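> could you look at this predicted model? Sequence included:
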Amino acid sequence: MNLTSLTFLLFCIITLFFYFIVPKKIQWYVLLIASTIFIFYGNLTKFTFLEVLLVLLASYFGARKIDSEKGKKRTYYLLGSIGVILGILFLLKYTNLLLVTFNHLFNLFKVKYKFKLITRNSPIGISYYSLIMIGYLIDVYRGGCKAEKNIFKVALFMYYFPIIPSGPFTRYNDMKKELYEPHKFNYDALCSGLVRCLWGLFKIFVISQRISIFVNTVYGDLVTYNGFFTVIAALLFTLQLYTNFSGSIDIIMGVSEIMGINLPENFNAPFLSRTITELWRNWHITLGAWLKDYIFYPLLKSNFMQSLNKKYRKKIGRKKAKKIPLYLSMLIMWILIGVWHGGTYNFIIATGLLQFIYIFLEDVLAPVMDKINRKLKINPYRKTYRLFQMIRTYVLFSFSLIFFRAPSIKKAIDIIKSIFVWNPWVLTDNSTLFKAGLNIHNFRVLIIAIIVLFIIEKRIKKGNVRKQLFRQNIVVRWALIYMLILSIIVFGCYGVGFDPASFIYRQF
Amino acid sequence: MKKLLKSILFLTILFFLLAYVTSILWLPKNSISYFYEEPKNTEDVIYIGSSNVYTGYNAPLIFEKYGFATGMLTTPSQPFSAVKYMIKESLSYQKPKLYVIDLTQAVRTYDKFDENGVRQSVDTMKFGKNRKDAIDTLLKYRKTPKEEYINYYYSFLMYHNSWSSLSEYHYTGDTTYYKGYVFDKLRTDVVPCVKYEWEDDKMDLVEENREVFFDLIDYIKENKLNVLFVIQPKVYNTSADENSNQMLNTIVDVLNKEDIDVINFNKLDDFSLDFSKDFYNIHHFNVYGATKFSLYFGKYLKENYDLDDHRADPKYASWHKEYKRLEADYQELTGKEFKDLVKEYEKDYN
């Protein structure tokens, strides 16, 4: 079910209606029913049903056993349950990655055999709820939370419908109160949630979908559109991805807010970041937090990593030796982020290896940069320098996303090659740029929308923009909301000639 | 309670804002939009057809001369499959004594109708079952994929994109319509054409056209409607046109057998056109051809059907007003009096 479809709107209205009219004690059952309909909507087969059921059973019984058993048995139950969840996830999402790797190896060693790639329907949000349930099991194992005794409550926590399409990642301890406790209808929450949904729709329809027309045209015909076309497309794709992803999160958060359910924020104005490290602290925040808590820190503290630290301490010194397990843990974590983003190598490069290289270089080159700044008498706290850092971060991130957008590494390399065609006149000759799907009027709307986005993001960084909005007098407040609604309706890219917003992150 | 009132007020304002924006970001008014603006049960004749009708049949002139009012449900390249739904739609607003249906598009194969032809026919129709049925039928014959139907049911999905091409008439309405008759600078052009000699040979209709045609005949008979079918004069100059000529002869035969009135202007002895002066392109009359055709046809309708004279009725004041506007606009565009043109042609047809 597409988050921007009329079906989803209708689905939400019905869910909200029943959520608020049923007795408070059984409110969460409404959510469970709605979520079950949502996860299987248009995708109910015996396979998808079985896959969801298996993950649920593994999580439920695994957690109960971990809670009740003692000693090593707890570890076995933890590993067993995680094994089942990961097994299903890998089978459905990453088998092809493995088969492609084998095929490459066969090719390398001139073996003629080739594995056929498999196509199988997987339940939506499998990458999300699998990690959420692994987190739950680990939390129970660590004693961070008690295992839930009601399997239906576990089911709701696992696939609460707003988070299924594109997150955020939730923790059981944070969610149990939100999901199972009764919520009264709150008019202010309704208004605030609706405004957030509208803002998400604005990002998707006015910005993301508009950019996608240009990006699809350019990347679809690199012979005609190259040089500055490719540069602009690469820079714009980053915004397309962000507005698409964060826009869908806004809709999700808005719907939840209306029901009185608070979800963790997933973005915090990432493109105002001055380094890639900072950007990732503000981009897909809950994924980063999940990986840090359940992969990075356990790895870093593992006996193997500590032994590496000890081993090199004498050879290269304490400070440098400390960095070896750090970088190695980071590398593993980034590769996993890449793998999570998609079952192909281009995703591993885009959101994995390249991000690791950037962050590694930022750390290693930090003293060098300080020296250069001192020598050139550059004040790193000046606004212009901060702006330079933001632009640099944006450009580097955009470069990595070329691999994300391209269907294969080969295609990504073609895109990068096409950047080096010198055609600066496309920026100045008043018409060429506007032949790639977006005319001058659409470019104008896009620029204005991006400026609005930038202003709002800056304000979000400083505080709650919606609270500020609702503090305004009624004329200003309503005028702004009407402008938002009308701009989506008039300037949104939907309907004839546009595909319905397909969420770039939804496939994960 | 206060919050509820506030919400209602908010939604009411939003509704009006959306209604205003939608009215601008829509297909500019066409003859169907103007048809809805007429007071209920005031039209004596309803003329259904495509561009050759709205460029050829000057309804205000006919009213001024013969006193009966004609409603026009004419749109560019109107597929013949739309005719039944135009009649159905009109029945909710008017009780005409006569329906006039142009046959030009009855023989045009459905693969030749572009999206514009469909959209112009249905987009300005009021929302309702009839509109939906019309869309379903028109798209079925155009072989449009089912998933695209929604873009026709909710035309705003397309028209909201027209914000970048808004012109004055999106705000003011299209002022080139005069009770459905279209007149502007283009219709004063003269393109010399050669007269086509009508053939008497016949040819079977293409299956889909046959299906649509007989469905319409059944509907007319079922509802006991008084209908006059018309083949308007135009220049037929290709082999496809020749086929059209022969298929139209087949249709005339069927209508004669069914005892339904039909008139072929290409074969009338007492109606003469000057093909070197009366067209602005090979398919359409210019203002000169239209004036001749309207004077002749108006008289024919008045003499052959029992149509009232409303010229003295104050309820029909808008017809006089539109005629005056047409006269003024004609003078502005040509520097001549429209009255003089009418007088000149009246000699031939009165």
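On my side now, so go ahead. Residues are numbered from 1 along each chain as shown, chains lettered A, B, ... in the order given.

> which stretches of the stretch 251-400 of chain A form strands?
With strands called from DSSP state E, counting those that start in this stretch, the stretch 251-400 of chain A shows none.

> which stretches of it form helices?
Taking DSSP state H, counting those that start in this stretch, the helices of the stretch 251-400 of chain A run over residues A:276-282, A:285-291, A:297-300, A:303-316, A:318-341, A:345-348, A:354-375, A:383-405.

> by mean pLDDT, show me the worst of those.
If those are sorted by mean pLDDT, helix A:303-316 sits at the bottom with a mean of 83.

> buried sites along that one?
A:305, A:309, A:312 (16 or more other CB atoms under 10 Å in any protein chain shown). No exception for glycine: its C-beta is placed from N, CA and C like everyone else's.

> what is it packed up against?
In terms of contacts (3 or more CB pairs under 8 Å, 6 or more residues apart in numbering or on different chains; DSSP states H and E), helix A:303-316 is packed against helix A:318-341.

> outside of stretch A:189-202, which residues touch it?
Outside stretch A:189-202, the residues that touch it by CB atoms under 8 Å, 6 or more residues apart in numbering or on different chains are A:4, A:246-258, A:260, A:449, A:456, A:466, A:469-470, A:481, A:484-485, A:487-488, A:492.

> quick one: it to chain centroid distance?
Relative to the chain's own centre, stretch A:189-202 is displaced by 20 Å; criterion: CA atoms, centre = their mean, to the nearest Å.

> for stretch A:78-98, same thing?
20 Å.

> now the residue of the stretch 351-500 of chain A at minimum distance from chain B. Nearest residue, chain neighbours left out?
For the stretch 351-500 of chain A and chain B, the shortest gap (CB to the nearest CB) falls at residue A:495, measuring 2.8 Å. Leaving out its chain neighbours, the residue that sits closest to residue A:495 by CB to CB, 6 or more residues apart in numbering or on different chains is residue B:157, at 2.8 Å.

> residue B:172 versus the nearest residue to residue B:75 once chain neighbours are set aside, what's the distance?
Using CB to CB, 6+ apart and skipping the chain neighbours, the partner closest in space to residue B:75 is residue B:120 (4.0 Å). Residue B:120 sits 19 Å away from residue B:172, going by CB to CB, to the nearest Å.

> neighbour-wise, which of these two wins?
residue B:120 (23 against 10; other CB atoms under 10 Å in any protein chain shown).

> surely that one is in contact with residue B:74?
No - counting by CB atoms under 8 Å, residue B:120 does not reach residue B:74; the two are 9.6 Å apart.

> residue numbers of the stretch 151-300 of chain B in contact with chain A?
B:151, B:154, B:156, B:157, B:158, B:160, B:161, B:163, B:164 (CB under 8 Å from any CB of the partner chain).

> can you redo those as JSON lines with pLDDT and secondary structure?
Listed next are those as JSON lines, based on pLDDT from 0 to 100; DSSP: H, G, I helix; E, B strand; the rest coil:
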{"residue": "B:151", "pLDDT": "85", "secondary structure": "helix"}
{"residue": "B:154", "pLDDT": "86", "secondary structure": "coil"}
{"residue": "B:156", "pLDDT": "83", "secondary structure": "helix"}
{"residue": "B:157", "pLDDT": "82", "secondary structure": "helix"}
{"residue": "B:158", "pLDDT": "81", "secondary structure": "helix"}
{"residue": "B:160", "pLDDT": "83", "secondary structure": "helix"}
{"residue": "B:161", "pLDDT": "81", "secondary structure": "helix"}
{"residue": "B:163", "pLDDT": "83", "secondary structure": "helix"}
{"residue": "B:164", "pLDDT": "81", "secondary structure": "helix"}
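
> from those, list just the buried residues.
Buried among these by 16+ other CB under 10 Å: B:151, B:156, B:157, B:158, B:160, B:161, B:163.

> contacts only, for the second one.
With contact set as CB under 8 Å, 6+ apart, residue B:156 has these partners: A:495, B:22, B:25, B:26.

> which of these fall in helices?
Members of the contacts of residue B:156 lying in helices (criterion: DSSP state H): residue B:22.

> distance of residue B:233 from residue B:290?
Per CB to CB, residue B:233 is found 11 Å from residue B:290.

> quick check: nearest residue in space to the residue in the stretch 201-350 of chain B that chain A sits nearest to, chain neighbours excluded?
Of the residues in the stretch 201-350 of chain B, the one nearest chain A is residue B:208, at a distance of 25.0 Å by CB to the nearest CB. Nearest residue to residue B:208 in three dimensions, chain neighbours excluded: residue B:110, at 5.3 Å (CB to CB, 6+ apart).

> I'd like to know how many residues surround the one you found.
Residues within reach of residue B:110, counting by other CB under 10 Å, total 19.

> what do you get for residue A:175?
20.

> still on that earlier bit, what's the closest of the residues of the stretch 151-300 of chain B next to chain A to chain A?
Using CB to the nearest CB, those come closest to chain A at residue B:157, 2.8 Å.

> pretty sure that closest one contacts residue A:493?
No - look at residue B:157 against residue A:493 with CB under 8 Å: they stay out of range, at 11.0 Å.

> residue farthest from the centroid of chain A?
residue A:314 (41.2 Å; CA atoms, centre = their mean).

> what is the neighbour count of the closest residue to residue B:246 other than its chain neighbours?
Excluding the flanking residues, the one nearest residue B:246 by CB to CB, 6+ apart is residue B:203, at 3.6 Å. Per other CB under 10 Å, the neighbour tally for residue B:203 reads 16.

> let's verify residue B:203: helix, strand, or coil?
Recorded secondary structure, residue B:203: coil (DSSP: H, G, I helix; E, B strand; the rest coil).

> coming back round to it: I'd like the residues of the stretch 151-300 of chain B next to chain A as TSV, with distance to residue B:309 appended.
Listed next are these as TSV, based on distance: CB to CB, whole Å:
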residue	distance to residue B:309
B:151	45
B:154	43
B:156	42
B:157	46
B:158	43
B:160	45
B:161	47
B:163	46
B:164	48
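
> taking those, tell me the two that lie furthest apart.
Using CB to CB, the two most remote members of these are B:154 and B:164, lying 20.1 Å apart.

> mind listing what the residue of the stretch 101-250 of chain A found nearest chain B touches?
Distance from chain B to each residue of the stretch 101-250 of chain A (CB to the nearest CB) is smallest for residue A:187, at 4.9 Å. Counting by CB under 8 Å, 6+ apart, residue A:187 touches residue B:3.

> how many neighbours does residue B:150 have?
Counted with other CB under 10 Å, residue B:150 comes out at 13.

> ok, and the closest non-adjacent residue to it?
residue B:157 is the one closest to residue B:150 (CB to CB, 6+ apart), at 6.9 Å.

> buried members of the contacts of stretch A:189-202 into PyMOL, please.
Of those, the buried ones go into a single PyMOL selection, burial set by 16+ other CB under 10 Å:
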select buried, chain A and resi 4+246+247+248+249+250+251+252+253+254+255+256+257+258+260+449+466+469+481+484+485+487+488+492
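
> that's all I had, so thanks and see you.
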